[in-house]
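Asks: Here is my input, please return the structure:
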Amino acid sequence: MAMDPFRISDHVPEFKDIVADILSRSEAARATIRMLADVRYGADPTETIDLFFPKSERQGLPVHMFIHGGYWRMFSKRDYSYVAETVTRAGAIAIIVDYALMPAVRMATIVDQVRRAKRWALDHIAEHGGDPDRLTVSGHSAGAHLATMLFNDESRPSQIRGALLLGGLYELKSLQTSFLAAEIAITDQEAERFSPLNHRFDPDVVVEIAVGADETAPFHGQAKAFAEHLGTQGLRVSQTSLIGANHMSSVRDLGLWSAQPATLLAKLIGA
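Replies: Numbering: from 1, shown residues only. I've put the predicted structure just below:
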């Protein structure tokens, strides 16, 4: 029987080691980077963000929002604090977003949450030294999917300058026949409504689509299809194959300054 191309642990032997590493590095980031934890963007206990600040305390700093993955059903913002290492070193304020998880909530709730987190940033980040006109976003896997919902047809003009989409999911129907059917049971309506390949996007957003060279075929196919989809709508799109990277090492390397994903992130912030 063929392995499920969406079950990441089947294809990344070091999956548990990478998760342990990013959890450890996230705790270190929380202990060493100036931060403001658990800022509420909504009333639900899951509706919080963490802010991390560069050493410079000047005003008008660029702002970068990161949305974690986990197939919409696992992980939290606390697990991805380490991404702030690269963001703050690049001179920006990092916003790491938390959201509710499936199947306790449905996709519509999560999409609404990340949109309200963006709205909080636009309305309030100036109070913390950030420039809302210099907002960029990134996400990994399901987080890349959610990041697209911040500059799509329901969010125009989006006020997003650029996006880094890492190992993303842009067509959801194929997940209905994966192992996720038993875990989150994406409905036909959700697949139709929330597949980015069915949306139009803000043409002013610069988009970098990156996928690990060692990822499974669906991630490569979806990245290519989504890049073409955005290109036909007039967006400036770049595609990068991350050398020697798999689905988990690519996101781990977002927090390693000299690594290829971190270089892409720093470039996006500085553009």
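Asks: CA atoms for contacts and neighbours, from now on please.
Replies: Fine.
Asks: and the gap between His267 and Gly91?
Replies: Actually, residue 267 is Lys. It isn't His. Distance, Lys267 to Gly91, using Cα to Cα, to the nearest Å: 11 Å.
Asks: same question, Ala262
Replies: Taking Cα to Cα, one finds Ala262 at 13 Å from Gly91.
Asks: For these two, indicate the residue with more neighbours.
Replies: Using other Cα atoms under 10 Å, the more surrounded residue of Ala262 and Gly91 is Ala262, with 23 against 19.
Asks: Find the nearest non-adjacent residue to that one, please.
Replies: Computed as Cα to Cα, 6 or more residues apart in numbering, the closest residue to Ala262 that is not its neighbour in sequence is Leu254, at 4.3 Å.
Asks: check contacts around the one you found.
Replies: Residues near Leu254 by Cα atoms under 8 Å, 6 or more residues apart in numbering: Val83, Thr86, Gln260, Pro261, Ala262, Leu265.
Asks: Out of those residues, give me the two with the largest separation.
Replies: Checked with Cα to Cα, these reach their widest spread between Val83 and Gln260, with 13.6 Å between them.
Asks: of the two, who's got more company?
Replies: It is Val83, of Val83 and Gln260, that has more neighbours when counted by other Cα under 10 Å, with 28 against 18.
Asks: thinking again about what came up before, now the contacts of Leu254 in TSV, with pLDDT and distance to Tyr170?
Replies: Output for the contacts of Leu254, formatted as TSV (pLDDT from 0 to 100; distance: Cα to Cα, whole Å):
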residue	pLDDT	distance to Tyr170
Val83	98	23
Thr86	98	26
Gln260	97	22
Pro261	98	20
Ala262	98	22
Leu265	98	20
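Asks: Mark which of these are part of helices, please.
Replies: Residues of the contacts of Leu254 located in helices (DSSP state H): Val83, Thr86, Gln260, Pro261, Ala262, Leu265.
Asks: what's the closest of those to His64?
Replies: For the ones in helices among the contacts of Leu254, the nearest to His64 is Leu265 (9.4 Å; Cα to Cα).
Asks: Measure how buried that closest one is and give me the count.
Replies: Count around Leu265 with other Cα under 10 Å applied: 25.
Asks: Could you do the one 5 residues further on as well?
Replies: Gly270: 13 surrounding residues under other Cα under 10 Å.
Asks: Tell me which residues touch Asp38, please.
Replies: Thr48, Ile49, Asp50.
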